[in-house]
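In: no sequence on this one, just coordinates:
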């Protein structure tokens, strides 16, 4: 099956010379949840805005479901729903009128049953006749999602959807995103909350300084780039690492009370059994041991800082 | 929707949204021009006009009615259309229109169509108001409506351009205040340019508003300062100029897209 979004050599240089995107190529598969991660100013929003038609690309090509976003913009844009980062709503419009407006704008005939379904899904039905300026920030965020879903898009862009929303709404949104994915909608989200990407995404793309530095399935990324750590809590503190343990990448922590071994998550031979045998031979006893894997956040931070240092 | 169809639902959505704002503020939208017209007609037409001779065989009070309607059409068209596009630019909601499958032509049809509709409605309200105070006759009603609609569309297009051009609300007021109102007052809204000395008359012919007011007044009383065909040609020329500017704006994304 061809990619639902195909981006080739996308470059954007703003007036003034700032290069926001640099030769980005990316395929988004049908029905996946793709998380685009990157620090502030990395180019995430520029990428989304180009695909949605809000910003003109300097070079490169984007196709949505095979339709070129410039030459066949009608067919391409009709398939896309966008929830931008900023809360932007018409102050005096009612919730239902806003959703109906969006549906019409995207070329779909009126369908009050669908609009009602979307508003109910987002717990907005009871507020349908309220005007926007009377809603809280969280409610406005829901309205923006309702507007983006009102024309039944096949691809949904969520640009920082949970920025500034409370825990309950965030969980509601996660549930909604999963339901949408189950119904066949492709989701592309940007987020600063790495745990959100870890929780939701099928694939992860990391963008920094306008360049896409990694695109990988989430599990594989965590396996490939993640680290695991074994921590042994020692019976008696060691003043220094014995030279007999020099074969392992060990560190002495907690004033000599903890021995920490760090190794690649992808390695089949971790060296742990041999280490434990050697400790026994040396008479170093321990009373507890635990292992942990590095989080996506740690992987993200190391990726972004490595590349950042590489550029400097 | 398929790849080439005209997005009528999109145009209708924009049009209806803009008209809804007009209806929300119906009282102030209609009351202000009605009171202004009544004041103009009473002060100029009745108080001063009673001391003036007829102009081209028409009482002064009735003579100024087409000019008054034109003045309102200009200002209302510009203000409606410029506000209509500037407000979403200001609040950021323009993102939705820019990301929707609507062509430049469809966006303009929605915004400009709504602005022109409001202006024509107000023009008709002003005409009805003026008819209470002075005897107004309309010799060519179809031409009257045609000139009204053409002017409303043209100045709404112009207002649309102003709304995109303006970086803030102060700039939005600049063009109507500094250019359109003076050109209207100097364009024969309240007098026939035949009443001017020859040198001033020649100078006035460079004012495009003269042609619009003259043609419109002809549709009422059958008298005009310049040839009606020339009036029509000048109105159409201004319309085409505005259309070309709007087409350029959307092609380049000037002040709409980065």
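Out: Yes, it's here. Keep in mind it's a predicted model, so treat the numbers as computed, not measured. Residues are numbered from 1 along each chain as shown, chains lettered A, B, ... in the order given.

In: by proximity to chain A, which residue of the stretch 101-250 of chain B wins?
Out: In the stretch 101-250 of chain B, the residue that lies nearest chain A is residue B:101 (4.1 Å; Cβ to the nearest Cβ). No exception for glycine: its C-beta is placed from N, CA and C like everyone else's.

In: next, give phi and psi for that residue.
Out: Backbone geometry at residue B:101, expressed as degrees, to the nearest 10, gives phi -80, psi 60.

In: and it, how many neighbours?
Out: Using other Cβ atoms under 10 Å in any protein chain shown, residue B:101 has 26 other residues around it.

In: pLDDT below threshold where in chain B?
Out: Residues of chain B meeting the criterion pLDDT under 70: B:1-4.

In: contact partners for residue A:93?
Out: A:101, A:131-132, B:17 (Cβ atoms under 8 Å, 6 or more residues apart in numbering or on different chains).

In: next, format the residues you listed as CSV and append secondary structure and neighbour count.
Out: Below are those laid out as CSV (DSSP: H, G, I helix; E, B strand; the rest coil; neighbours: other Cβ atoms under 10 Å in any protein chain shown):
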residue, secondary structure, neighbour count
A:101, helix, 21
A:131, strand, 16
A:132, helix, 19
B:17, helix, 22
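
In: okay, residue B:241 and residue B:159: tell me how far apart.
Out: Per Cβ to Cβ, to the nearest Å, residue B:241 is found 14 Å from residue B:159.

In: what about the residue in the stretch 101-250 of chain A positioned nearest to chain B, distance to residue A:215?
Out: Nearest residue of the stretch 101-250 of chain A to chain B (Cβ to the nearest Cβ) works out as residue A:104 at 3.1 Å. Separation of residue A:104 from residue A:215 (Cβ to Cβ) stands at 36 Å.

In: neighbour-wise, which of those two wins?
Out: Neighbour comparison, residue A:104 and residue A:215: the larger count goes to residue A:104, with 25 against 17 (by other Cβ under 10 Å).

In: check what pLDDT the more buried one gets.
Out: pLDDT, residue A:104: 97.

In: specify the local secondary structure of it.
Out: Assigned with DSSP: H, G, I helix; E, B strand; the rest coil, residue A:104 falls in the helix class.

In: spell out which residues of the stretch 101-250 of chain A are next to chain B.
Out: A:101-110, A:147 (Cβ under 8 Å from any Cβ of the partner chain).

In: could you work out the most separated pair of the residues you listed?
Out: A:109 and A:147 (16.8 Å; Cβ to Cβ).

In: and these two? which has more neighbours close in?
Out: Comparing residue A:109 with residue A:147 by other Cβ under 10 Å, the one with more neighbours is residue A:147, at 25 against 9.

In: after the one helix or strand the more buried one maps to, which helix or strand is next? Please name it.
Out: Under the criterion of DSSP states H and E, residue A:147 resides in helix A:137-149. Sequence-wise, the next helix or strand downstream of helix A:137-149 (DSSP H and E) is strand A:155-159.

In: quick one, that next one and helix A:137-149 angle?
Out: Here the directions of strand A:155-159 and helix A:137-149 differ by 150 degrees (axes from the mean of the first three to the mean of the last three Cα atoms, to 10 degrees).

In: output the contacting helices and strands for strand A:155-159.
Out: If you count contacts as 3 or more Cβ pairs under 8 Å, 6 or more residues apart in numbering or on different chains; DSSP states H and E, strand A:155-159 packs onto helix A:44-52, strand A:80-83, helix A:137-149, strand A:186-190.

In: spatially, which residue comes closest to residue B:175, not counting chain neighbours?
Out: Leaving aside its sequence neighbours, residue B:175 sits nearest to residue B:162 (Cβ to Cβ, 6 or more residues apart in numbering or on different chains; 5.0 Å).

In: which element is that neighbour on?
Out: Judged by DSSP H and E, residue B:162 forms part of helix B:141-165.

In: repeat that for residue A:289.
Out: Per DSSP H and E: strand A:286-293 holds residue A:289.

In: report all helices and strands that that strand contacts.
Out: strand A:227-234.

In: next helix or strand past the strand it packs on?
Out: Following strand A:227-234 in sequence order, the next helix or strand is strand A:250-253 (DSSP H and E).

In: list the buried residues in that following strand.
Out: A:250, A:252 (16 or more other Cβ atoms under 10 Å in any protein chain shown).

In: excluding covalently adjacent residues, which one is nearest to residue 44?
Out: Since you didn't name a chain, this refers to chain A. Closest to residue A:44 by Cβ to Cβ, 6+ apart is residue A:190, at 4.3 Å.

In: should've been chain B
Out: Nearest to residue B:44 is residue B:64, by Cβ to Cβ, 6+ apart, at 5.8 Å.

In: gap between the one you found and residue B:230?
Out: 22 Å.

In: more neighbours, these two?
Out: Taking neighbours as other Cβ under 10 Å, residue B:64 and residue B:230 compare with residue B:64 leading, 25 against 14.

In: what's the burial count for residue B:65?
Out: Neighbours around residue B:65, by other Cβ under 10 Å: 29.

In: what helix or strand does it sit in?
Out: Here residue B:65 is assigned to helix B:60-91, by DSSP H and E.

In: next SSE downstream of that helix?
Out: Counting by DSSP H and E, what follows helix B:60-91 is helix B:94-98.

In: phi first, then psi, for residue A:98.
Out: According to degrees, to the nearest 10, residue A:98 has phi -60, psi -40.

In: swap that for residue A:3, sorry
Out: Dihedral angles (degrees, to the nearest 10) for residue A:3: phi -60, psi 150.

In: how close does it get to chain B?
Out: 19 Å (Cβ to the nearest Cβ, to the nearest Å).

In: now do the same contact list for that residue.
Out: Here residue A:3 is in contact with A:27-30 (Cβ under 8 Å, 6+ apart).

In: between those, which is nearest chain B?
Out: Of those, the one sitting nearest to chain B (Cβ to the nearest Cβ) turns out to be residue A:28, at 17.0 Å.

In: next one: the closest residue to the closest one other than its chain neighbours from residue A:187, what distance?
Out: Once flanking residues are discounted, residue A:28 sits nearest to residue A:5: 4.0 Å by Cβ to Cβ, 6+ apart. Here residue A:5 is placed at a distance of 11 Å from residue A:187 (Cβ to Cβ).

In: for residue B:82, same thing?
Out: 38 Å.

In: ok, residue B:99 next?
Out: Residue B:99 is 17 Å from residue A:187, by Cβ to Cβ.

In: what ranges does chain B have for its helices?
Out: Along chain B, counting by DSSP state H, helices occupy B:8-24, B:26-40, B:60-91, B:94-98, B:104-133, B:141-165, B:169-175, B:181-185, B:198-204, B:208-221, B:228-252.

In: which of the ones you listed sits closest to residue A:242?
Out: Per Cβ to Cβ, nearest to residue A:242 of these: helix B:94-98, 63.1 Å.

In: mind giving me the packing neighbours of that closest one?
Out: helix A:95-105, helix B:60-91.

In: now the angle from the first one to helix B:8-24?
Out: This means helix A:95-105. 140 degrees.

In: so what secondary structure elements neighbour helix A:95-105?
Out: helix A:112-121, helix A:137-149, helix B:8-24, helix B:94-98.

In: run a quick neighbour tally on the residue nearest to residue B:175.
Out: 25.

In: same check, this time on residue A:287
Out: 9.

In: now swap in residue A:113 and tell me
Out: 8.

In: quick one: residues contacting it.
Out: With Cβ under 8 Å, 6+ apart, residue A:113 has no contacts at all.

In: buried among the contacts of residue A:3? Make that a PyMOL selection.
Out: Buried members of the contacts of residue A:3, defined by 16+ other Cβ under 10 Å, are picked up in PyMOL with:
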select buried, chain A and resi 28
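
In: reformat the contacts of residue A:3 as TSV; add pLDDT, distance to residue A:303 and secondary structure.
Out: Conversion of the contacts of residue A:3 to TSV gives the following (pLDDT from 0 to 100; distance: Cβ to Cβ, whole Å; DSSP: H, G, I helix; E, B strand; the rest coil):
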residue	pLDDT	distance to residue A:303	secondary structure
A:27	97	20	strand
A:28	96	20	strand
A:29	95	22	coil
A:30	94	27	coil
